[in-house]
Structure formats: structure tokens, C-alpha cells
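Novice: pasting the sequence and the predicted model now:
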Amino acid sequence: MQAELAILTAEEQAQVHQRTLKVLAEHGMRVDTEEGRRVLAAAGARVDDASRMVRFPPTLVEESIRLAPKRFTLGGRRDDFSFPLNAGQFTLLADGGATTLLDRHTGERRAPTRGDWLEATTVLDALDDVGLFWSLCEHPDAFAGDAGLITYLSDVFATFGRHVQESFGDPAQAPLVLEVLDIVFGKDEVRRRHPVSFLITPTSPLIIEADYTGTWLAMRGWDIPVAVMPMPLMGATAPGSRLGTVLAANCETIGTLCLVQAAAPGTPFIYAPVLATMDPRTGRYAAGAIEQAALSLAAIAMARFYGLPVEASGSSTDAFEPGPQAAYEKASIGAMVTLGWPDVLVGPGLLGGAIMLSFEQLIIDVEAFRLARQAHAGVPVRDDLWLDDVLTRVGPGGSFLGEPSTRRNIRRGEWLLRDFGNRDSFEAWQAAGALSTVEEARARVEQILATHRPPGLDEDTARALHELERRAAPG
């Protein structure tokens, strides 16, 4: 008896699909890459190069869905990491791309440095609940030409040992990215273990944009999984209803799926739209809106309708500091989406509409997700868990503290064993320093940074990457 939240009945999911077929066939999407239009035309789409509009016949859509693998595994640098998708498992992907940092020492809001990035990624690597990497904050070298890109990728693979999800917006750099992957993993290992996936972000409404799509098209042949993440904003870049926003996101995701499967049939595909809403009073992105939870649950339902692995989004907030607003917005949204049970959930770490990184918030968010994941477990029903024989043997007024079944089930997950937050008496909490939740999270960050060692790079790999960086440097 697991606790699950489901939005959209089977009939309603079928209606979303039928309306998606209609929109894609009759109106279509604008495809901004010439190569994308070419491969879609070859697959049977109706293409107007002048307007860049592409219309997708229903047979093309259905065949594209059929071609997408329904089960595959994500690997990483660490040999012991393997995460199967569509297998009932769950992991976190840290929210990413923060342009500012809430300094944990001074409270100052400032631009992140490479040192901040390395610390943030080290903390991520230490958190086993986070299976996938997305750059928590901007790395100052990532957009500094070819040499800067190599520096960034070298830092990524030296610091994070599980799966890396990334995207690059300059198609001319695709060969360089592939060369880095060849040095770090080897092409055969990239194809076999899927240590990296590529993120394509269609522009809402109804545009398959050029830069990131063009980069992925230039990286074909390596069997790199693709996650497609349109970001429709209800009432702004999507229709002004939750249902209309679900339809828009589905059209954008499935239309891009058609391009991916036309360009490289059988490419592993992750259904990953971020459905959100504006604040009706300002038009701004409403990061902490509870409607986001319902929209994400609907996206999970549509991914399951197609049998596709799903990456959902949750745990955002409009607050600019760890505190009550961040807590109630992130916990309520995150718990609801977790109970929908996606394969991957984007969420922990950021504040202020996902523009500001807080190390303390990262720790707090991961703990909240651990609670939500335990809630999803519900009440397991197995013969060995009834314990009616123990109940009758101990009898009226007895205690079960010393029973072997109690000790056994503590180890087997009937209780979530927590090591963060206070569960002791007031006197014990005072004696331990009376730390606030934020102070305890800060102390946990410092402990991780003092003790955790990222995977690093072996000498030959580091030397090859350094040489590649030297050759790529201007002059």
C-alpha cells in the first residue's frame, strides 16, 4: 500500500494525447534548425522552410513514441553508480544555473566564484540522494570560449561521480565536448553506460530552438540520452489554464521527441517538462505557486501514459533566504510531486525563483525529500509485517521495545533513520548548542567539505584534458 498522488485519469490522459496529435498535425511547431527540418521532412513531416513551421502527421508521432526506449540505465564516473529508469526507483537532480550565491559566512548575496562552484559540487557528490548533476550555480569558465569549456568539464568530471546532465548552446563546440567525453570515458563506454545525458529546452510556445538542438544534432552517434525540458508558464508562454499548460508542454515535448527519433532512431529519451505559472498580479514567474505541484503531477501522468521515463520538477520557492516561506513552499510542492513518483525529481538547493544558491537550503531540501520519499512507501503489506503473533504473545499492557521484530524492522526501513534536525528533549537541544535548522545545515556543509573527497581524475586523463585545454586556448 504505497501512498501515491495521481492527476489525470486514463481517459483524460488519452484526451491530452489526442489533442496533442491535432495541434502537431494541424498547426505544428517552429523548428529553427535547418538540419532539424531536414530530418523531419525525411521522416514524413510537412515542412515549410520559409516559415520554419513543421507539421507532424499522427503516424510520425506514434512511430516516434514507439522508437523511444522505455527502459535504460544512467551511469556515471563511479563504477558502482547505475540508475535504472522506469524501474520504480527515485533520485534527485539538484536545481541548477543559479546566477547568485547566498554566502553562508557573511549572508551577502554575490556572484559565485569557481571556488564556490567546486564546493557546491563537492557537497552534491557527498549526498547519495542526489543521483544526477546539474550545475547548481554558474561556473565562471563555462562560457569563456573553448578552453573555458574544457576547464568546466574537467571540473565536473573530477568533482561529481554520478550521472551528469548538461547542455551546450554552441553547435561549433560539439566536437570539443565529444573529445572530452572520449578522454574521460571512451566512446564505447559513453554508449554502453550512459554517464552523460543532454538537455534540450524547447522555447514556449511551440518552438524547437536552434542552439541546444543544433548542438545535440552535432553529437549524434554516441547514444547520449536526451531529456526534453520545455518550460511553459501558465498565462504567459502557455495558455491561461492548468489543462492548457499541460497540453502545451506535451506538444512541445512530443514534437521534440519526433525530431530526436527522426535524427537518431532509438535514442534514449526522458520526458522532462517544467510546467509553471506566473503571478497574476505581476506576470513574474511564481516559483512557489502550489499550482506547480499539480502541473508536475500531470506531466508525470503523461510520461507514464507514453511509457517514458520522467524527470519532474518541484521544490521551488520565491523566498530569498532559508526560512518559513522557503520551508512551506518547497516542502508542500516537493512532497506532492514526490508522491507522484517520477524517476528523477529536480529540486534541491536554490532560492528566489531558482536564481540564488544556498548551501544550507540544499541540505534542508534533501532532508525534506527523504521525508517525502518515506511517505511514498506508505504501509508495506507482507506476511512478515503483520506481527499478529507478536501482538498476541506480548499481550495487554506489554512493550514491544525489546522484540526482535522491532529491531529487525528498524534496520529494514519501517522507520526513516534521520541524522538531521532535532528529535531530543529541550534540555538536550540546549546542551548541544541550541542550533537553528539553518545553523545545523551550515555545520553539515562544513563537515562535508572537511571530510568528503570527490572522485578526481587519474594522471593520464588529467594530462590529456590539460593538453586539450592548452590547444584550445586562444593564441
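Specialist: That came through, no problem. Computed from a prediction, not measured in an experiment: that's the story for all the values here.
Novice: what's the burial count for S82?
Specialist: When counting by other CB atoms under 10 Å, one arrives at 15 neighbours for S82. Placement of C-beta: from N, CA and C, glycine included.
Novice: and it, backbone torsions?
Specialist: With angles defined as degrees, to the nearest 10, S82 shows backbone torsions of phi -150, psi 120.
Novice: ok, now D129?
Specialist: Dihedral angles phi and psi of D129 (degrees, to the nearest 10) take the values phi -70, psi -20.
Novice: that one touches F90, doesn't it?
Specialist: No. In this structure D129 lies outside contact range of F90 using CB atoms under 8 Å: 9.2 Å.
Novice: common neighbours of those two, please.
Specialist: Shared contacts of D129 and F90 (CB atoms under 8 Å, 6 or more residues apart in numbering): none.
Novice: tell me where the stretch 301-450 of the chain is predicted with low confidence.
Specialist: Using pLDDT under 70 as the threshold, the predicted model of the stretch 301-450 of the chain has no low-confidence range.
Novice: now the strands for it?
Specialist: Secondary structure of the stretch 301-450 of the chain by DSSP state E, counting those that start in this stretch: the strands cover 311-313, 344-346, 350-351, 356-357.
Novice: R19 is nearest to which of these?
Specialist: Taking CB to CB as the measure, the strands of the stretch 301-450 of the chain were each checked against R19, and strand 311-313 came out nearest at 21.3 Å.
Novice: same list, the strands of the stretch 301-450 of the chain, but as a markdown table with mean neighbour count please.
Specialist: Shown next, in a markdown table, are these (neighbours: other CB atoms under 10 Å):
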| stretch | mean neighbour count |
| --- | --- |
| strand 311-313 | 28 |
| strand 344-346 | 27 |
| strand 350-351 | 30 |
| strand 356-357 | 26 |
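Novice: contact partners for T317?
Specialist: Remark: with contacts taken as CB under 8 Å, 6+ apart, T317 is in contact with A287, G288, Q325, A326, E329, K330, L351, G352, G353.
Novice: buried sites along the biggest helix by length in the chain?
Specialist: The residue-count maximum for a helix in the chain (DSSP state H) belongs to helix 242-263. Of the residues in helix 242-263, those with enough neighbours to count as buried (16 or more other CB atoms under 10 Å) are 242-243, 245-263.
Novice: stretch 190-206 too?
Specialist: 190, 193-206.
Novice: out of the residues you listed, what pair is the most spread apart?
Specialist: With distance counted by CB to CB, no two of the buried residues of stretch 190-206 lie farther apart than R193 and P205, which are 36.2 Å apart.
Novice: list the contacts of R242.
Specialist: Taking CB under 8 Å, 6+ apart as the criterion, R242 is in contact with M234, E291, A294, L295, A298.
Novice: next one: Q374
Specialist: Residues in contact with Q374 (CB under 8 Å, 6+ apart) are L416.
Novice: do you know how far it is from W429?
Specialist: Here the distance between Q374 and W429 works out to 23 Å (CB to CB, to the nearest Å).
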